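S.K.: Below is the structure, and that's it, no one-letter string:
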């Protein structure tokens, strides 16, 4: 079970990337697991990770913060006895320094995570529907990672 949790952390943290395709808004971030739940079924396992992340934006537009914090929940499924995930999803929530909010959701794939901003207020409202591709740059011992995110649309 420990191997599954470690594999999850190392493989799936890129998901936490943010989407920003409309203006080329991309960047990098780091995530740290703060809570993990393992739900064991007869034919598989579900791992739920809660992470606290910092996203640093490359060349943010006027009025945007240079960095934001995010809380993310990952849900990843594994077939019994397998360490490679068979699927997963992530939801991240942000309240930035000026009080604007957004939520993004994503799905894990073999080449990273595709995230979509599903709802935002203030300056983020115009980014609803924007997508980002997240890819892990470096996995940290103990379940953290450093990742990059680039606009996907």
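M.R.: It's in. What you are looking at is a predicted structure, and each value in this text was computed from that prediction instead of being measured. Numbers count the residues shown, from 1 in each chain.
S.K.: Now do the buried residues in stretch 103-122.
M.R.: Applying a neighbour-count criterion of 16 or more other C-beta atoms under 10 Å, the buried positions in stretch 103-122 are 103, 104, 105, 106, 108, 112, 113, 114, 115, 116, 117, 120. All C-beta spots, glycine's among them, are computed from the backbone N, C-alpha and C.
S.K.: So for it, mean pLDDT?
M.R.: The pLDDT scores in stretch 103-122 average 93.
S.K.: what about the nearest residue to residue 111 once chain neighbours are set aside, neighbour count?
M.R.: If the residues on either side of it in the chain are set aside, residue 111 comes closest to residue 135, at 7.3 Å by C-beta to C-beta, 6 or more residues apart in numbering. Close neighbours of residue 135, defined as other C-beta atoms under 10 Å, add up to 15.
S.K.: and the strand or helix carrying residue 135, what does it pack onto?
M.R.: Assessed by DSSP states H and E, residue 135 sits inside strand 131-140. Strand 131-140 is packed against helix 2-12, strand 26-40, strand 112-120, strand 144-151, with contacts defined by 3 or more C-beta pairs under 8 Å, 6 or more residues apart in numbering; DSSP states H and E.
S.K.: quick check: mean pLDDT across stretch 61-68?
M.R.: Per-residue confidence for stretch 61-68 averages out to 94 on the pLDDT scale.
S.K.: List the residues that contact the residue sitting furthest away from the middle of the chain.
M.R.: Farthest-out residue of the chain from its mean C-alpha position, per C-alpha atoms, centre = their mean: residue 42, at 28.1 Å. Applying C-beta atoms under 8 Å, 6 or more residues apart in numbering to residue 42 gives the contacts residue 80.
S.K.: Would you list the phi and psi of it?
M.R.: As for residue 42, its main-chain torsions (degrees, to the nearest 10) stand at phi -70, psi -40.
S.K.: now do the one 5 residues further on
M.R.: Taking degrees, to the nearest 10, you get phi -110, psi 130 for the backbone angles of residue 47.
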